[in-house]
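Student: Build me a model from this:
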Amino acid sequence: AEDSENMRSIPTILKENGHLDRDDIILQCDIEGGEYDIFNIDQKYLKCFAQISLEIHWIEKYIKDDNLFDKLSSMLESLGQKFTAYHIHGNNYRRHLMIENQVVPDVIEVSLVRNDLVELSEGTTNYPTSLDVPNRANHADIVLGKFKW
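Tutor: Numbers count the residues shown, from 1 in each chain. Now for the predicted structure:
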């Protein structure tokens with residue numbers, strides 16, 4: 001979320017690489033919980049990305065703790081201003097929980113697209129799809145059904 005000796009924020013990376021005028025970059029994030037902090041940035045930086053592939057970790061912990069829930073909500077609100085999820089997959093290395101009759105994996109992989117690039121419609125896809133494979137091969141994939149983001 002902030003620049004340090006060994007890390008750079010999204011705004012800094014975009015600036016250093018001369019990409020502030022781009023709108024076609026794909027961002028892939030698997031940063032073991034750091035995702036909750038990095039997306040609380042000015043939307044002008046997020047508009048540089050056409051798609052975001054993101055792994056969201058420890059959802060159960062973030063749902064059950066009010067302070068952490070605010071971070072989860074803030075991240076989803078920030079992403080939701082310009083992006084819509086088009087694919088979701090439950091990582092079966094961790095357990096899942098039920099929230100209002102919906103299976104919610106503790107770790108999810110989600111692919112998002114910038115809203116101005118697509119025509120949005122209500123999804124009817126059952127997850128996992130035939131293209132998905134379990135993260136842990138010896139265990140069943142997490143069946144999400146018609147997951148609503």
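Student: rest of the way, CA atoms for contacts and neighbours
Tutor: Will do.
Student: low pLDDT regions in the chain?
Tutor: 147-149 (pLDDT under 70).
Student: any idea which residue sits dead centre in it?
Tutor: In the chain, the C-alpha closest to the average C-alpha coordinate belongs to Leu54, at a distance of 3.8 Å (Cα atoms, centre = their mean).
Student: Might you report the residue contacts of that one?
Tutor: By Cα atoms under 8 Å, 6 or more residues apart in numbering, the contact list for Leu54 reads Gln28, Cys29, Asp30, Glu35, Glu109, Val110, Ser111.
Student: Inside strands: which ones of those?
Tutor: Counting by DSSP state E, those place Gln28, Cys29, Glu109, Val110, Ser111 in strands.
Student: could these be laid out in TSV, adding neighbour count and distance to His89?
Tutor: As requested, these are exported to TSV (neighbours: other Cα atoms under 10 Å; distance: Cα to Cα, whole Å):
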residue	neighbour count	distance to His89
Gln28	12	15
Cys29	15	15
Glu109	17	5
Val110	18	6
Ser111	19	9
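Student: Closest to Asn6 out of the residues you listed?
Tutor: Checking the ones in strands among the contacts of Leu54 against Asn6 with Cα to Cα, the nearest one is Cys29 at 16.7 Å.
Student: How much space separates Ser9 from Asp132?
Tutor: 31 Å (Cα to Cα, to the nearest Å).
Student: of the two, who's got more company?
Tutor: Comparing Ser9 with Asp132 by other Cα atoms under 10 Å, the one with more neighbours is Ser9, at 15 against 12.
Student: tell me the contacts of the more buried one?
Tutor: Residues counted as contacts of Ser9 (Cα under 8 Å, 6+ apart) are Ala1, Glu2, Asp3, Ile38.
Student: about what we covered before: is it possible to export the contacts of Leu54 to a markdown table including distance to Val103?
Tutor: Shown next, in a markdown table, are these (distance: Cα to Cα, whole Å):
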| residue | distance to Val103 |
| --- | --- |
| Gln28 | 24 |
| Cys29 | 23 |
| Asp30 | 22 |
| Glu35 | 21 |
| Glu109 | 14 |
| Val110 | 15 |
| Ser111 | 18 |
